[in-house]
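[1] okay, sequence plus prediction incoming.
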Amino acid sequence: MTIEFWYLIGAALVFFMQAGFAMVETGFTRAKNAGNIIMKNLMDFCIGTVVFMILGFGLMMGEDALFGLVGVPNLDLFAKFASFIEEPASGFTGASTFVFNLVFCATAATIVSGSMAERTKFSSYCIYSAVISLIVYPIEAHWIWGGGWLAGLGFHDFAGSTAIHMVGGISALIGAIFLGPRIGKYVRDKEGKVTKINAIPGHSIPLGALGAFILWFGWYGFNGAAATTTSELATIFLNTTIAPAVATVTTMIFTWIKNGKPDVSMCINACLAGLVGITAGCVALDAIGSTVVGIVSGLLVVVVVEMLDLKLHIDDPVGAVGVHMANGIWGTIAVGLLANPAAPAHLEGLFYTGNWYQLGVQTLGVLTVAIYTTALMIGVFFLIKKTVGLRVSRSEELKGLDSTEHGLPSAYADFAPSTVAYADYTSEEALHVTGSVPASEAVEVSVIKKEETKKVSKSSPKFTKVEIIFKEERLYALKDAMNKLGITGMTVSHVMGYGVQQGQKEFYRGVAVETNLMPKVQVDIVVSKIPVRDVIETAKSVLYTGHIGDGKIFVYDVENVVKVRTGEEGYDALQDVE
């Protein structure tokens, strides 16, 4: 009873990881797609539950058949419910086994969502998510955990580096290739050669970090739920702490050296990469082994993410392939290299014993599961693409999937959306005209003739508008300085803009951010009595820090000033005294 209670608590922790995946994917993508991503992460579990209880569970855990290739489906969940929940003499109840394997199945399905984010039809997502939970995951998981042929050979994947993460990562890679990159991610010339790679930053690093913390917390159940002794559980918790921590430190140092600054989003990926890497061998490795796994995972995730983006031009917004596929493979192979016979699993790793057998079995398992998953998912994505279609239209992608797929104006209804979130990165391409309204009607131009404006007496004082654009943090310093100068009225606006700043190249996930829109403040002041030169010099003294981008000042002649409330014009309209 005590072991089964922990088994179910572990399953609940794994279920909570769905929230972590949702937060990471949402944070690493743009705000206009946040609702769509939440919906996908909700539905892959719900749809997965339906298909897993109908067929998937039977294929995975049913009586072994066809030389260990597949389980025989049964409907004991429905037909023999009393025995399904009855406590056996040994092992777990059928109900506990079902729930435990279901939450793992849902994890494999949700991994794919990240690499295909921001441009996939929701209906198509539902289809391939259902297929993964129905047949893809259950059959290969039967080989490993359901008494199948790989289990018989001694293949060791304690919590799913191969069965879940590599399978999900391979599916994510194939899906991203079939789908193609997001609009504007890669700029191509007439021959189709990529001439520029655009960074498309996610809208909320805090959400991504929150997701990573949730996932790490849930991973103690992911790796530890199947532990049957205190020694096993302690070893799992130890290794599940060391590997991701070391991986994150490794990535921080690596990106710091390579890019000049530590990459926040890549470090978030790194802790997940370390968790994936230790999942197979969490009960078979010692502290030294988990440290090695962490170091390699921290380097591997950066290399693979950047190779896909910079060299292969495969658009994976959240790094799912680098985190799950690459480190799922590495973590499984690491068991054959680093397993310590003194650990609770008592496996013989090559570096500890000189025995090649475990490494051979691990390699065989990785290759066969990879071939099976690749063949099946190519077929699935090919059929979806040729029938219902995989990708939304160009206009739907630019507007955002929240509104076009779900009728949701914004996932953040009470907050103004960022200008960047709705930007079309394809500024170098021809404008796509989708409407039929003539340009003269769609974009009206009104010309106000000078003689239509009310004349101002020649004796009226001169009015000048000073427009100042500068960094947000200097707003209150400028306001105070202008008050001391005698200026009591100003208009303040938030604006977005950019300028090409030499020597200021920044990187997002290894890609140079060349023309990023940055938030600025614009202050408009109209003066008459106070000398314009005093306003300019005061602003310069307050804003100047010696850096490019301190600000710009524009000076305009103003023909007249009218105070709407009183009807006063000219100099009197500028006075605040009633």
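    Received it, and whenever you're ready, just let me know what you need. Numbering: from 1, shown residues only.
[2] can we go C-alpha only for contacts and neighbour counts from here?
    Fine.
[3] residue contacts, the closest residue to Trp145 other than its chain neighbours?
    Residue nearest to Trp145 in three dimensions, not counting chain neighbours: Ala151, with 6.5 Å by CA to CA, 6 or more residues apart in numbering. Applying CA atoms under 8 Å, 6 or more residues apart in numbering to Ala151 gives the contacts 143-145.
[4] double-check that Ala151 belongs to a helix.
    Yes: counting by DSSP: H, G, I helix; E, B strand; the rest coil, Ala151 is found in a helix.
[5] could the contacts of Ala151 go into TSV alongside secondary structure and distance to Gly274?
    Formatted as TSV, the contacts of Ala151 follow (DSSP: H, G, I helix; E, B strand; the rest coil; distance: CA to CA, whole Å):
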residue	secondary structure	distance to Gly274
Trp143	helix	25
Ile144	helix	22
Trp145	helix	23
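[6] pick the one among these closest to Ile295.
    The shortest gap between Ile295 and any of the contacts of Ala151 belongs to Ile144, at 26.8 Å (CA to CA).
[7] from Ile127, how far off is the closest residue in space to that closest one that isn't next to it in sequence?
    Distances taken as CA to CA, 6+ apart place Ala151 nearest to Ile144, at 5.0 Å, with adjacent residues excluded. Per CA to CA, to the nearest Å, Ala151 is found 30 Å from Ile127.
[8] look at the residue nearest to Trp145 and report its pLDDT.
    As predicted, Ala151 sits at a pLDDT of 94.
[9] hang on, Val555 is in a strand, isn't it?
    Yes: assessed with three-state DSSP, Val555 lies in a strand.
[10] so which bits of stretch 564-578 are buried?
    Across stretch 564-578, burial judged by 16 or more other CA atoms under 10 Å covers 570-571, 573-574.
[11] cool, stretch 484-495 as well?
    Within stretch 484-495, judged by 16+ other CA under 10 Å, the buried ones are 487, 489, 492.
[12] contacts only, for the first one.
    Shown here is Ile487, whose contacts under the criterion CA under 8 Å, 6+ apart are Val527.
[13] make sure Asp44 is indeed in a helix.
    Yes: with three-state DSSP as the criterion, Asp44 is part of a helix.
[14] what about it, how many residues nearby?
    By the criterion of other CA atoms under 10 Å, Asp44 has 26 neighbours.
[15] that one and Val380, how far apart?
    16 Å.
[16] ok, now Tyr571?
    73 Å.
[17] ok, now Val532?
    Val532 sits 69 Å away from Val380, going by CA to CA.
[18] among the buried residues of stretch 564-578, which lie within helices?
    In helices, judged by DSSP state H, none of those are found.
[19] out of those residues, who's nearest Thr110?
    Nearest to Thr110 among the buried residues of stretch 564-578 is Leu574, at 60.5 Å by CA to CA.
[20] shouldn't that closest one be in contact with Val564?
    No: if you go by CA atoms under 8 Å, Leu574 and Val564 don't touch, sitting 11.3 Å apart.
[21] packing partners of the helix or strand where Asn36 lies?
    Element membership of Asn36 [criterion: DSSP states H and E] is helix 34-51. With contacts taken as 3 or more CA pairs under 8 Å, 6 or more residues apart in numbering; DSSP states H and E, helix 34-51 sits against helix 2-27, helix 94-115, helix 122-131, helix 401-406.
[22] buried set for the shortest one?
    Right, helix 401-406. Residues of helix 401-406 classed as buried under the neighbour-count rule (16+ other CA under 10 Å) are 401-405.
[23] what does that helix contact?
    Contact with helix 401-406 is made by 32-36, 118-119, 121-122, 396, 408-411, as judged by CA under 8 Å, 6+ apart.
[24] give the burial count for Val276, as a bare number.
    36.
[25] was I right to think it contacts Ile164?
    No: using CA under 8 Å, Val276 is not in contact with Ile164, being 9.5 Å away.
[26] low-confidence stretches in the chain?
    Applying pLDDT under 70 to the chain flags residues 1, 414-460, 498-509, 513-517, 576-578.
[27] where do the strands of it begin and end?
    Per DSSP state E, the chain carries strands over the ranges 63-65, 70-72, 186-188, 194-197, 463-470, 491-497, 506-508, 511-513, 518-527, 551-558.
[28] packing partners for the last one?
    This means strand 551-558. In this structure, strand 551-558 packs against strand 463-470, with contacts taken as 3+ CA pairs under 8 Å, 6+ apart.
[29] same thing but 10 Å
    Strand 551-558 is packed against strand 463-470, strand 518-527, helix 532-543, with contacts defined by 3 or more CA pairs under 10 Å, 6 or more residues apart in numbering; DSSP states H and E.
[30] I figured Ile530 hits Gly486, correct?
    Yes: counting by CA atoms under 10 Å, Ile530 touches Gly486, with 7.7 Å between them.
[31] now, which of the contacts of helix 401-406 sits nearest Phe254?
    Glu118 (29.1 Å).
[32] wait, the closest one sits on Lys32?
    Yes: Glu118 is within contact range of Lys32, at 8.7 Å (criterion: CA under 10 Å).
[33] okay, and the common contacts of these two?
    Common contacts of Glu118 and Lys32 (CA atoms under 10 Å, 6 or more residues apart in numbering): 26, 397-398, 400-402.
[34] any chance of JSON lines for these, columns distance to Asn355?
    Below are the shared contacts of Glu118 and Lys32 laid out as JSON lines (distance: CA to CA, whole Å):
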{"residue": "Thr26", "distance to Asn355": "45"}
{"residue": "Glu397", "distance to Asn355": "53"}
{"residue": "Leu398", "distance to Asn355": "55"}
{"residue": "Gly400", "distance to Asn355": "54"}
{"residue": "Leu401", "distance to Asn355": "53"}
{"residue": "Asp402", "distance to Asn355": "54"}
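[35] closest to Gly298 out of those residues?
    Nearest to Gly298, judged by CA to CA, of the shared contacts of Glu118 and Lys32 is Thr26 at 22.5 Å.
[36] measure the closest one to Ile9 for me?
    Taking CA to CA, one finds Thr26 at 27 Å from Ile9.
[37] between those two, tell me which one has more neighbours.
    The residue with more neighbours, out of Thr26 and Ile9, is Thr26; 30 against 15, by other CA under 10 Å.
[38] ok, the more buried one touching Pro201?
    No: using CA under 10 Å, Thr26 is not in contact with Pro201; the gap is 11.5 Å.
[39] give me the number of neighbouring residues for Ala109.
    29.
[40] I'd say it and Phe45 touch.
    Yes: between Ala109 and Phe45 there is a contact at 8.1 Å, judged by CA under 10 Å.
[41] so what sits against both of the two?
    129-130, 133.
[42] closest one of these to Ile548?
    The nearest one, if we look at these relative to Ile548 and count by CA to CA, is Ser129, at 48.9 Å.
[43] could you measure from the closest one over to Met307?
    27 Å.
[44] neighbour count for these two, which is higher?
    Neighbour totals were compared for Ser129 and Met307, and Ser129 leads with 24 against 15 (other CA under 10 Å).
[45] residue contacts, that one?
    Counting by CA under 10 Å, 6+ apart, Ser129 touches 40, 43-45, 47-48, 106, 108-113, 136.
[46] equivalent analysis for Gly20, please.
    Contacts of Gly20 (CA under 10 Å, 6+ apart): 14, 26, 41, 207-218.
[47] all helices for the stretch 251-400 of the chain, in order.
    Using DSSP state H, counting those that start in this stretch, the helices assigned to the stretch 251-400 of the chain run over residues 264-279, 287-306, 320, 327-338, 350-353, 357-386, 394-399.
[48] buried residues, the longest one. List them.
    Across helix 357-386, burial judged by 16+ other CA under 10 Å covers 358-359, 361-366, 369-370, 373-374, 376-377, 380-381, 384.
[49] that's all I had, so thanks and see you.
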